[in-house]
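Asker: this one's sequence-less:
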Ligand code: SAH
Ligand code: SF4
């Protein structure tokens with residue numbers, strides 16, 4: 001049997017694993033802190049762990065993030081990592097620094113089965129679910145790498161927020177997602193608050209209900225259209241879980257967290273979903289005046305479409321985005337327009353396609369350029 005990757009476990013999982021090795025729970029806690037607070041992968045350096053445990057672990061366990069293929073830094077400080085997850089599959093992770101926070105955009109699947117019209121990952125199709133260790137491994141790796149790159153003092157974190165907005169539909173990989181979220185939230189690991197971890201979903205209704213019960217982090221719902229006809233064209237999953245059902249699930253989600261709101265994401269597609277009439281329909285929808293959908297405590301986040309060649313779609317002009325936003329705001333809907341980041345390295349929303357398809361290609365690339373770091377313009381990097 002191969003070695004066990006300890007990034008696979010939340011604290012309860014690690015405690016159960018340690019129990020199997022004849023170790024007490026507090027040992028698991030110590031080990032968990034070494035892994036996630038200190039980012040240590042070498043058991044021999046975990047100085048306050050009993051030597052007997054260190055020796056035991058060295059024989060049976062490893063601490064391993066997915067293999068890095070490349071690192072690219074954008075002129076605006078955004079960093080994109082491409083990881084090899086085997087059999088020709090690659091996933092991407094993006095770090096977005098801002099003045100008051102550092103957001104890590106994490107992938108949950110290689111490819112995606114939902115197949116949204118405007119999404120590069122969706123066009124690529126579904127390859128496989130990531131394991132918990134591969135989801136957690138993206139954060140584990142990013143923290144270590146950023147700490148070194150930014151020369152952060154001991155104990156300071158680079159990542160303050162995690163958004164599950166990379167490749168894949170997180171709620172279609174639920175079993176691996178929940179332990180990963182627990183690691184992010186655990187005070188013995190990354191200690192992120194519930195509101196600083198966001199799961200973004202295209203609307204897998206039954207799993208929204210389960211997430212509310214299991215791990216109610218912040219929820220973003222990718223809406224993109226205010227009526228079923230248009231939404232079913234853009235997000236095929238809408239045929240299974242239409243808008244009224246989706247918004248009812250969102251309301252149930254908020255019942256568990258009375259002070260929260262749902263972020264509704266809306267990708268702005270020129271002359272497809274950006275007309276004044278659709279803005280007015282969207283207002284009626286979130287106010288509970290359209291069909292069977294309930295009123296929703298929400299914020300609208302308009303995302304200018306990031307084009308890619310096969311989509312055949314066009315980004316709304318800034319004027320149309322502004323007019324759309326204005327109509328929403330006038331009607332009392334809190335609305336923001338997302339700044340596009342990392343455009344020059346194709347790290348923006350929906351541009352993550354895991355460029356590598358062919359296993360031989362991955363290996364050739366890795367042999368030639370183990371870590372490719374190129375700033376897209378002078379001054380690239382996050383310093
Ligand atoms: N599968 C999940 C999370 C990953 S996609 C979801 O769909 O919510 C993260 C966000 O990027 C979603 O809101 C998605 O709609 C948006 N997105 C996808 N492709 C895009 C594109 N080409 N331009 C702008 N936003 C896009
Ligand atoms: Fe999948 Fe989200 Fe892309 Fe739709 S937008 S195809 S759900 S990753």
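Answerer: Received, thanks. If you're wondering where the values come from, they're calculated on a predicted model, not measured in any experiment. Residues are numbered from 1 along each chain as shown. Ligands and ions are numbered 1, 2, ... in the order given.
Asker: who touches the closest residue to ligand 2 within the stretch 151-300 of the chain in this structure?
Answerer: Closest residue of the stretch 151-300 of the chain to ligand 2, C-beta to the nearest ligand atom: residue 202 (3.6 Å). Yep, even glycine has a C-beta here, placed from its N, CA and C like the rest. Residue 202 is in contact with 114, 116, 169, 221, 222, 235, 237, counting by C-beta atoms under 8 Å, 6 or more residues apart in numbering.
Asker: just among those, which is most surrounded?
Answerer: Within the contacts of residue 202, most neighbours by other C-beta atoms under 10 Å means residue 169, with 29 neighbours.
Asker: look up how far ligand 1 lies from that residue.
Answerer: In this view, residue 169 and ligand 1 are 4 Å apart by C-beta to the nearest ligand atom, to the nearest Å.
Asker: tell me the SS of the residue of the stretch 51-200 of the chain found nearest ligand 2?
Answerer: For the stretch 51-200 of the chain, the residue closest to ligand 2 is residue 122, as judged by C-beta to the nearest ligand atom, at 2.6 Å. Per DSSP: H, G, I helix; E, B strand; the rest coil, the local secondary structure of residue 122 is helix.
Asker: wait, it touches residue 116, no?
Answerer: Yes. Residue 122 is in contact with residue 116 according to C-beta atoms under 8 Å; the separation is 4.3 Å.
Asker: quick one: contacts for residue 160?
Answerer: For residue 160, the contacting residues are 101, 102, 103, 192, 196, by C-beta under 8 Å, 6+ apart.
Asker: again, but for residue 303
Answerer: Listed by C-beta under 8 Å, 6+ apart, the contact set of residue 303 reads 265, 266, 267, 268, 338, 349.
Asker: mind checking which of those are in strands?
Answerer: Among the contacts of residue 303, the ones falling in strands (DSSP state E) are 265, 266, 267, 268.
Asker: bridged to the last one, which residues?
Answerer: Right, residue 268. Applying DSSP bridges to residue 268 gives these bridge partners: residue 304.
Asker: any idea how many residues pack against it?
Answerer: Residues lying near residue 268 (other C-beta under 10 Å) number 24.
Asker: shouldn't residue 13 be within a strand?
Answerer: No. With three-state DSSP as the criterion, residue 13 is located in helix rather than a strand.
Asker: that one against residue 176, yeah?
Answerer: No. The criterion here is C-beta under 8 Å, and residue 13 misses it with residue 176 at 11.8 Å.
Asker: how far away is the residue nearest to the spatial centre of the chain from residue 331?
Answerer: Central residue of the chain (C-alpha atoms, centre = their mean): residue 164, 1.8 Å from the mean position. Distance of residue 164 to residue 331, computed by C-beta to C-beta, to the nearest Å: 30 Å.
Asker: does ligand 1 have contacts with the strand or helix carrying residue 140?
Answerer: Element membership for residue 140 (DSSP states H and E) is helix 132-150. No. Helix 132-150 lies out of reach of ligand 1 by C-beta under 6 Å from any ligand atom, never closer than 12.9 Å.
Asker: packing partners for that helix?
Answerer: Helix 132-150 is packed against strand 79-84, strand 90-98, strand 101-105, helix 174-185, with contacts defined by 3 or more C-beta pairs under 8 Å, 6 or more residues apart in numbering; DSSP states H and E.
Asker: surely residue 123 and residue 312 touch.
Answerer: No. Between residue 123 and residue 312 there is no contact under C-beta under 8 Å: 10.6 Å.
Asker: more neighbours, these two?
Answerer: residue 123 (18 against 9).
Asker: please name the nearest non-neighbouring residue to that one.
Answerer: Leaving out its chain neighbours, the residue that sits closest to residue 123 by C-beta to C-beta, 6 or more residues apart in numbering is residue 310, at 5.5 Å.
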